[in-house]
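1. please find the sequence and the predicted model below.
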Amino acid sequence: MSGDSIVVDTSLIINLFNGIEEVQDLLTGRTLFVSIISEIEVLSFSGLSITDKDLLRDFISKCHVVDIEPAIKELTIEIRAKSKVKLPAAIIAATAIYYDLPLFTMDKGFKRLDDLQAVILSL
């Protein structure tokens, strides 16, 4: 994969749409991969307006949305067996590991996963 390709998780997408400029700057010009889990999480938040959902869908349409392929499923099982992280986080991490891409996140919980190239942003 190209050096400008990254996986973004739910926390980063939320903060992008909350107007955090540093997140916008970080993502500009990169090829973005999003786990189907993050897509489901952000689009299912209660209280989203139709406009918010449309903006999120537009953003996601410009990303590579990754389904749970058999290899990602197996990696997820390994991650959960080793680390006991929650299932959505394990699937997102497995997606990044499978594609050998860094995961950009604001969730410090990903630090626990040794095989993951996690870039933890703190603002």
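-> Okay, I see it. Residues are numbered from 1 along each chain as shown.
2. who's in contact with Ile72?
-> Listed by CB atoms under 8 Å, 6 or more residues apart in numbering, the contact set of Ile72 reads 66, 91, 94-95, 98. Glycine gets a C-beta too; all of them are placed from N, C-alpha and C.
3. now, those residues that are in helices?
-> 91, 94-95, 98 (DSSP state H).
4. rewinding a little: by neighbour count, which of the contacts of Ile72 wins?
-> Ala94 (28 neighbours; other CB atoms under 10 Å).
5. my read is that it contacts Ile79, right?
-> Yes. Assessed by CB atoms under 8 Å, Ala94 is found in contact with Ile79 at 5.8 Å.
6. thinking again about what came up before, and the ones in helices among the contacts of Ile72, which is closest to Glu74?
-> Ala94 (8.2 Å; CB to CB).
7. where in the chain is pLDDT low?
-> 1-2 (pLDDT under 70).
8. next, count neighbours for Ile60.
-> 18.
9. can you start the count at 29 instead of 1 from here on
-> Shifting the count to begin at 29 puts that one at Ile88.
10. tell me what Val94 is bridged to.
-> Ser63 (DSSP bridges).
11. what helix or strand is Lys110 on?
-> Assessed by DSSP states H and E, Lys110 sits inside helix 98-111.
12. ok now that helix, how far from the chain's centre?
-> Offset of helix 98-111 from its chain centre (CA atoms, centre = their mean, to the nearest Å): 16 Å.
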